[in-house]
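Asks: The sequence isn't on hand, but the structure is:
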């Protein structure tokens with residue numbers, strides 16, 4: 001928790017010190033209040049760096065940190081008030097008449113009332129922080145030991161080093177024989193031709209990648225002690241690396257492992273490197289670098305250069321890591337992605353740990369419960385071994401059921417377990433900007449997740465930071481963060497979306513990673529179902545599972561105070577009073593997931609949620625949206641797709657000046673003026689399953705910020721006949737799927753000639769040709785043509801598309817024939833494209 005609080009403090013102090021907030025100070029006369037708040041937060045921030053180590057064993061620190069986090073969350077809400085007010089004034093200035101502006105001056109939103117109200121809230125936040133600082137028993141305890149943090153980290157690494165070694169009895173390992181054989185084969189000598197090359201490729205570096213607790217180190221030990229490996233290498237060395245990739249320390253450890261004696265810590269770096277190179281010279285060696293975290297390519301290059309100087313051909317380095325980025329930096333071959341153990345192997349391991357030999361036959365009822373416990377371990381031998389060992393000699397069926405029915409983090413509450421500490425290291429080693437992103441993943445379903453939804457949720461809560469390039473769009477920053485977490489093995493089974501594979505990633509989380517994430521955010525997230533009896537009042541994110549007990553839902557709503565996001569698991573039977581309570585009680589709501597809502601109308605009170613940034617109404621029965629929804633000036637993301645009953649969109653949608661993402665379905669034939677076409681901040685627009693729609697918005701010229709446009713299953717939509725103004729688009733991705741009336745590409749697409757990178761045309765049964773100006777798309781990287789049976793040829797000049805890397809033609813019979821490799825008439829046009837996929841299936 002402490003690290004999340006540190007990140008919150010850093011974000012808030014940075015926000016308070018920014019140029020934008022200095023301007024706000026001057027504009028609203030709260031400069032003194034905000035400066036005092038900034039100083040108080042800076043004082044507290046300096047005391048937090050040691051809190052993570054103390055909170056596990058100190059209940060007082062835990063409680064203090066929880067209170068502090070609550071105050072910081074409230075401070076975020078107050079600071080958001082300024083941004084919301086600025087957006088509101090922008091809309092008033094742009095769209096409202098003078099008379100309406102005068103009326104608003106006498107409302108609660110006038111500048112004097114706003115300054116008085118927000119100034120009071122700022123002072124209240126500062127007073128609460130002062131009370132926490134005044135708790136001398138905690139605050140002085142932290143500030144007196146700021147230097148302990150580094151020492152604790154070092155001692156943690158030392159303890160881990162003393163525990164690791166290269167030996168393991170093969171009989172103790174279950175289910176890794178095939179994995180071992182694969183790695184052993186990689187270590188065995190290849191042909192001379194395969195091993196020739198420059199000095200950097202003389203030593204082969206083989207990474208083993210997987211989440212914590214999966215058995216990477218165990219596998220490396222099996223390989224290290226294999227008879228064939230022992231006989232093949234002149235020298236074998238084993239070094240535990242740890243998160244601290246210190247070259248001096250690693251040289252000592254490698255040399256010590258090589259010579260079999262301790263190396264003096266006082267030996268100079270120069271003498272160390274000379275001895276190391278001398279000892280490795282003319283030897284074919286195997287070096288295992290266990291548990292590597294370093295992502296600094298320069299540091300690795302420095303160590304590698306010492307290891308390859310004078311060594312014998314055929315030397316190998318085996319690396320274990322949780323991070324695909326580490327594997328990419330160090331590996332000379334494809335990494336070996338270690339999977340989980342099979343259920344059968346896990347059950348064998350559990351039986352060995354939980355029962356004395358043959359005892360499972362004496363306790364068949366316990367063994368049946370054990371089978372269910374094994375399933376929750378997700379193939380991770382560490383979890384199987386730990387939970388099995390906890391139950392060894394335990395015959396009380398209640399204890400077994402408790403283990404079966406509890407989450408891992410609940411079983412290890414208090415820090416005495418082994419599973420989560422092993423996984424938590426992956427979290428503690430994250431850069432600070434990724435920690436809140438991972439913590440937010442607690443709301444996800446572990447089995448099926450969507451990267452776009454996740455990224456827009458991060459945006460809604462202000463988590464994303466544009467670090468290296470201030471010009472990057474927030475969506476691009478979010479995708480970078482997503483890919484970094486993916487590279488660090490927090491996400492698995494990652495696949496691109498089948499409809500448009502360069503836009504959306506589908507993924508899941510390993511059961512243990514999911515437990516880790518929930519343990520991080522356990523005090524901020526809650527799931528309410530028919531069994532819920534109590535809930536913490538300061539919960540910020542709440543999900544409602546299907547429940548027929550409206551009393552439980554009502555009781556929960558009355559107890560909660562500071563909710564920022566609400567998720568209804570699809571088709572939860574709620575009524576309008578539930579929504580009215582949510583909208584009136586939780587004024588700082590940022591995310592509402594109401595997918596599958598059974599109500600036909602939303603209360604007009606939704607317009608009061610000025611902090612709302614994410615609204616999901618997909619797959620609902622909504623027939624009409626209140627026009628008050630257009631007052632949501634902070635709204636960034638709006639899901640209306642598969643809402644097949646919506647008769648018309650609100651008339652003032654152009655007022656949604658922050659809207660960046662819109663997916664929608666409507667029964668309308670035409671878009672209204674001042675509607676979708678006037679959304680100047682829109683980056684992503686998806687229009688689908690609109691059976692009556694005949695044209696796109698007339699004001700498309702306002703969509704200058706639009707980067708992704710997806711049109712699908714609109715049977716009447718004609719992109720050509722409607723007259724559109726010349727559109728200076730910045731479009732990068734265009735997907736067209738299921739538009740039977742489209743016979744040619746629209747001329748307005750030429751406005752994106754210099755920016756369009758991905759073009760997908762699918763299920764367009766009457767598309768007869770591609771225009772000659774297609775070859776003007778100078779940034780095009782990928783072209784997909786699928787299920788367009790009347791498409792006969794490619795335009796001349798395809799060789800001008802020098803950036804085109806991928807071409808896919810599928811179920812376009814005549815075009816497939818003309819593009820047949822080497823023999824087709826159109827083959828010369830595409831022969832220079834690196835990746836070509838042509839198939840009739």
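Replies: Happy to help now that I have it. Since this is a predicted model, take the numbers as computed values, not measurements.
Asks: quick one: terminal-to-terminal distance for stretch 355-374?
Replies: Stretch 355-374 has an end-to-end distance of 14 Å (C-alpha to C-alpha, to the nearest Å).
Asks: Skip the chain neighbours and tell me the closest residue to the residue nearest in space to the middle of the chain.
Replies: Central residue of the chain (C-alpha atoms, centre = their mean): residue 482, 3.7 Å from the mean position. Closest residue to residue 482 apart from its sequence neighbours, by C-beta to C-beta, 6 or more residues apart in numbering: residue 451 at 5.2 Å. The C-beta positions use only the backbone N, C-alpha and C, and glycine is treated the same way.
Asks: So residue 384 is in contact with residue 353, correct?
Replies: Yes: contact criterion C-beta atoms under 8 Å: residue 384 and residue 353 qualify, at 7.2 Å.
Asks: ok, the two, which is more surrounded?
Replies: Taking neighbours as other C-beta atoms under 10 Å, residue 384 and residue 353 compare with residue 384 leading, 31 against 18.
Asks: Pull up the gap between the more buried one and residue 356, please.
Replies: Residue 384 sits 17 Å away from residue 356, going by C-beta to C-beta, to the nearest Å.
Asks: again with residue 434
Replies: Distance, residue 434 to residue 356, by C-beta to C-beta: 44 Å.
Asks: The two: who's more crowded?
Replies: Between residue 434 and residue 356, counted using other C-beta under 10 Å, the more crowded position is residue 434 (19 against 10).
Asks: Surely that one touches residue 484?
Replies: Yes: here residue 434 reaches residue 484: they are 6.1 Å apart, a contact under C-beta under 8 Å.
Asks: residues near the closest residue in space to residue 768 that isn't next to it in sequence, how many?
Replies: Of all residues not flanking residue 768 in the chain, residue 790 sits nearest, at 4.8 Å (C-beta to C-beta, 6+ apart). Burial of residue 790 is recorded as 15 neighbouring residues (other C-beta under 10 Å).
Asks: Equivalent analysis for residue 829, please.
Replies: Count around residue 829 with other C-beta under 10 Å applied: 20.
Asks: which residues touch it?
Replies: By C-beta atoms under 8 Å, 6 or more residues apart in numbering, the contact list for residue 829 reads 794, 796, 797, 798, 799.
Asks: For residue 566, which residues are in contact?
Replies: 541, 542, 543, 544, 582, 586, 589, 591, 592, 593, 594 are the contacts of residue 566 under C-beta under 8 Å, 6+ apart.
Asks: By pLDDT, give me the weakest of those residues.
Replies: Among the contacts of residue 566, residue 544 carries the weakest pLDDT, at 84.
Asks: That residue and residue 563 touch, don't they?
Replies: No: taking C-beta under 8 Å as the definition, residue 544 is not a contact partner of residue 563, at 11.4 Å.
Asks: Format the contacts of residue 829 as JSON lines; extra columns: distance to residue 762 and neighbour count.
Replies: As requested, those are exported to JSON lines (distance: C-beta to C-beta, whole Å; neighbours: other C-beta atoms under 10 Å):
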{"residue": "794", "distance to residue 762": "17", "neighbour count": "23"}
{"residue": "796", "distance to residue 762": "24", "neighbour count": "11"}
{"residue": "797", "distance to residue 762": "24", "neighbour count": "13"}
{"residue": "798", "distance to residue 762": "20", "neighbour count": "20"}
{"residue": "799", "distance to residue 762": "25", "neighbour count": "14"}
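Asks: From residue 430, how far out is the residue nearest to residue 521 when sequence neighbours are not counted?
Replies: Closest residue to residue 521 apart from its sequence neighbours, by C-beta to C-beta, 6+ apart: residue 442 at 4.0 Å. Taking C-beta to C-beta as the measure, residue 442 falls 15 Å from residue 430.
Asks: what do you get for residue 691?
Replies: For residue 691, the distance to residue 430 - C-beta to C-beta - is 47 Å.
Asks: out of these two, which sits in the busier spot?
Replies: Between residue 691 and residue 430, counting by other C-beta under 10 Å, residue 430 is the more crowded of the two (18 against 14).
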